[in-house]
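> Predicted model, plus sequence, below.
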Amino acid sequence: SGFNGIGHMDTMLRGRHHIGHYKEGEEFIQNVFHVLFLLFSGKEKSNLSICWLQYEISKVVQCLQAKNKKKLKAQGRKSKKLAKNLLKAPDNRNHLSLWKLYAYLEWLLGNIDDARKVFDTALCTAGTGGLKSPQLCSLSLLYAQLEVELLESIEGAVMSRAVHILTKLAESGPYMPYSGQVLSVNILKARKMYEHALQDYLSKTPVSDQDQVSDANQLVNLVGCYALFQYLTVGIDAAVLIYAQTSEKLEAPGPQTCENTGENFGIQNFPTALEAVTLLHTNLLRFHMKISVYPLNPLREALTEALKRYPSNQSLWRSYIHIQRKSHSASKARRFFDGVTRSTNSLEPWLFAIQAEQMRKKLTENVQRADVGEIHSTIPETGLTNRIVALFEHAVQSENGTHCPLLWRMYLNFLV
């Protein structure tokens with residue numbers, strides 16, 4: 001892989017000209033999916049279908065990021081055809097996770113009304129499991145999150161479709177498509193239902209590893225729905241309080257952190273839930289800052305604490321780089337990167353520290369090239385090139401960095 005048409009190896013800064021694998025690689029991957037689809041049955045076929053559709057959605061996302069409308073239209077047509085064929089399979093017809101992915105695909109392609117119809121149909125046929133149904137919670141959370149992203153302001157959010165979705169989920173009754181504002185009494189009842197359901201899950205003790213994974217996923221979806229519900233009906237502080245209370249419950253009284261790996265050994269029954277809840281927390285803060293006036297410090301503090309605990313989480317690092325780029329606080333970010341790289345063997349801190357400096361260097365060069373007179377005297381070259389080389393040198397000398405093709409590829413690309 002990496003030297004012919006079958007595969008390819010990326011740097012952190014993916015080129016915008018290429019979507020997916022090369023032709024031979026795409027044909028190979030599609031052939032594998034087709035062969036396995038005929039061999040599998042039951043749950044295995046459903047899981048394969050989910051992976052296949054997720055792969056197709058990832059290519060649609062790449063087209064969106066590259067802002068290539070022509071390729072997006074062609075890829076969207078192929079992905080929709082595949083999704084419909086997968087859902088025709090007898091094992092997949094009632095699989096909520098697949099319906100959720102199909103609705104998400106329609107949403108990404110800009111077909112909002114079609115996506116809503118798919119979401120509503122799936123919720124109507126999903127039964128009345130309510131907050132006790134993991135798939136129903138997951139489906140409702142995604143639907144509500146997508147609807148919230150359409151909001152231009154938090155004012156009047158209580159009348160939104162997202163509140164209707166989350167309220168219906170808590171009521172555990174037959175789902176009815178959105179027809180108008182939710183009654184205040186129903187909102188109050190739903191809030192009580194969320195509160196009791198969350199308390200029940202936090203006090204629950206799993207009896208097996210499989211139960212632990214299932215309960216962790218359900219807890220994350222439940223917390224996400226409850227916090228989003230509070231955000232829309234009360235405000236950002238109420239949502240943050242839910243995340244804070246949940247995180248506190250998930251942490252043992254005396255958490256111990258491994259000095260070398262940065263991993264926390266104080267999580268009680270849900271080892272993966274705290275990381276996922278933290279990601280939901282930071283994502284909501286980022287969104288709120290987009291549509292409202294809100295201080296940056298709460299998000300920065302949440303991200304720094306989370307990254308000390310989970311130094312391998314790429315989504316958290318992307319959020320951290322994004323806010324630090326906006327705050328123009330290079331020295332603070334550098335001190336933080338330096339502290340994390342010293343306390344963990346994870347390679348991600350090195351990769352994102354390098355990316356942050358490369359982005360800063362690119363910004364400086366763009367400003368210096370601009371025809372704005374005396375700008376050279378106000379933004380001089382500050383040794384960014386030497387700093388990036390030093391970061392690469394330290395990174396490739398680390399235990400994980402020595403054997404990382406991506407890191408070496410980035411280093412060579414930078415030197416060239």
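Arrived safely, thanks for sending.
> which secondary element of the chain has the worst mean pLDDT?
Using mean pLDDT, DSSP states H and E, helix 375-378 stands out as the lowest-scoring helix or strand of the chain, at a mean of 50.
> Who are the packing partners of the helix or strand following that one?
Using DSSP states H and E, the helix or strand that follows helix 375-378 in sequence is helix 384-397. Applying 3 or more CB pairs under 8 Å, 6 or more residues apart in numbering; DSSP states H and E, one finds that helix 384-397 contacts helix 348-369, helix 405-415. All C-beta atoms are positioned from the backbone trio N, CA, C, and that covers glycine.
> Would you mark the buried spots in helix 384-397?
384, 387-388, 391-392, 395-396 (16 or more other CB atoms under 10 Å).
> same question, stretch 313-332
For stretch 313-332, by 16+ other CB under 10 Å, it's 313, 316-317, 319-321, 323-324, 330.
> Give me the subset of the residues you listed lying in strands.
Assignment to strands by DSSP state E places none of those there.
> I'd like the residues you listed laid out as a markdown table, including distance to Met159 and pLDDT.
A markdown table is the format used below for the buried residues of stretch 313-332 (distance: CB to CB, whole Å; pLDDT from 0 to 100):
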| residue | distance to Met159 | pLDDT |
| --- | --- | --- |
| Asn313 | 35 | 93 |
| Leu316 | 33 | 94 |
| Trp317 | 36 | 95 |
| Ser319 | 29 | 93 |
| Tyr320 | 34 | 94 |
| Ile321 | 36 | 92 |
| Ile323 | 31 | 89 |
| Gln324 | 36 | 86 |
| Ala330 | 43 | 83 |
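> Leaving out the residues flanking it, which one is nearest to the residue nearest the centre of the chain?
Closest residue to the average C-alpha location of the chain: Ser315 at 6.2 Å, with CA atoms, centre = their mean. Ranked by CB to CB, 6 or more residues apart in numbering and with sequence neighbours excluded, the top spatial neighbour of Ser315 is Leu279, at 5.8 Å.
> quick one: the one you found and Arg286, what's the gap?
11 Å (CB to CB, to the nearest Å).
> For burial, what's the neighbour tally of Gln181?
13 (other CB atoms under 10 Å).
> So, low pLDDT: which residues of the stretch 301-416 of the chain?
Counting by pLDDT under 70, the low-confidence segments of the stretch 301-416 of the chain come to 328, 368-382.
> Determine which stretch of the helices and strands packed on helix 384-397 is the most buried.
Of all those, helix 348-369 has the most neighbours on average by mean count of other CB atoms under 10 Å, namely a mean of 18.
> Just the CA trace of that one, in PDB.
Output of helix 348-369 as PDB, limited to C-alpha atoms (Å, rounded to 0.1, in the frame of the first residue of the first chain):
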ATOM      1  CA  GLU A 348      -1.400  12.000  18.300                       C
ATOM      2  CA  PRO A 349      -0.100  14.900  20.400                       C
ATOM      3  CA  TRP A 350       3.100  15.000  18.200                       C
ATOM      4  CA  LEU A 351       1.100  14.900  15.000                       C
ATOM      5  CA  PHE A 352      -1.300  17.600  16.000                       C
ATOM      6  CA  ALA A 353       1.400  19.800  17.500                       C
ATOM      7  CA  ILE A 354       3.200  19.600  14.100                       C
ATOM      8  CA  GLN A 355       0.000  20.300  12.200                       C
ATOM      9  CA  ALA A 356      -0.800  23.300  14.400                       C
ATOM     10  CA  GLU A 357       2.700  24.800  13.700                       C
ATOM     11  CA  GLN A 358       2.300  24.100  10.000                       C
ATOM     12  CA  MET A 359      -1.000  25.900   9.900                       C
ATOM     13  CA  ARG A 360       0.500  28.800  11.800                       C
ATOM     14  CA  LYS A 361       3.400  28.900   9.300                       C
ATOM     15  CA  LYS A 362       1.000  28.900   6.300                       C
ATOM     16  CA  LEU A 363      -1.000  31.700   7.800                       C
ATOM     17  CA  THR A 364       2.200  33.800   8.400                       C
ATOM     18  CA  GLU A 365       3.400  33.200   4.800                       C
ATOM     19  CA  ASN A 366       0.000  34.200   3.400                       C
ATOM     20  CA  VAL A 367       0.100  37.400   5.300                       C
ATOM     21  CA  GLN A 368       3.700  38.200   4.300                       C
ATOM     22  CA  ARG A 369       2.800  37.600   0.600                       C
END
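> counting contacts, what elements does it pack onto?
Where contact means 3+ CB pairs under 8 Å, 6+ apart, helix 348-369 is packed against helix 314-327, helix 330-343, helix 375-378, helix 384-397, helix 405-415.
> Export those helices as TSV, with columns for distance to Leu139.
Output for the helices and strands packed on helix 348-369, formatted as TSV (distance: least, CB to CB, whole Å):
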stretch	distance to Leu139
helix 314-327	21
helix 330-343	36
helix 375-378	52
helix 384-397	41
helix 405-415	35
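> in terms of contact, does Ile321 touch Glu357 like I think?
No: judged on CB atoms under 8 Å, Ile321 makes no contact with Glu357 at a distance of 10.3 Å.
> out of the buried residues of stretch 313-332, what pair is the most spread apart?
The span of these, defined through CB to CB, is set by Asn313 and Ala330 at 22.3 Å.
> Poorly predicted segments of the chain, please.
Along the chain, segments meeting pLDDT under 70 span 1-21, 205-213, 252-271, 328, 368-382.
> the helices in the stretch 51-200 of the chain, which residues?
Ranges of helices in the stretch 51-200 of the chain, per DSSP state H, counting those that start in this stretch, are 69-88, 96-108, 112-125, 134-148, 161-171, 184-202.
> Compile the ones you listed into a markdown table and extend it with columns for distance to Ala244 and mean neighbour count.
Shown next, in a markdown table, are those (distance: least, CB to CB, whole Å; neighbours: other CB atoms under 10 Å):
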| stretch | distance to Ala244 | mean neighbour count |
| --- | --- | --- |
| helix 69-88 | 38 | 16 |
| helix 96-108 | 28 | 22 |
| helix 112-125 | 30 | 17 |
| helix 134-148 | 19 | 22 |
| helix 161-171 | 20 | 24 |
| helix 184-202 | 13 | 16 |
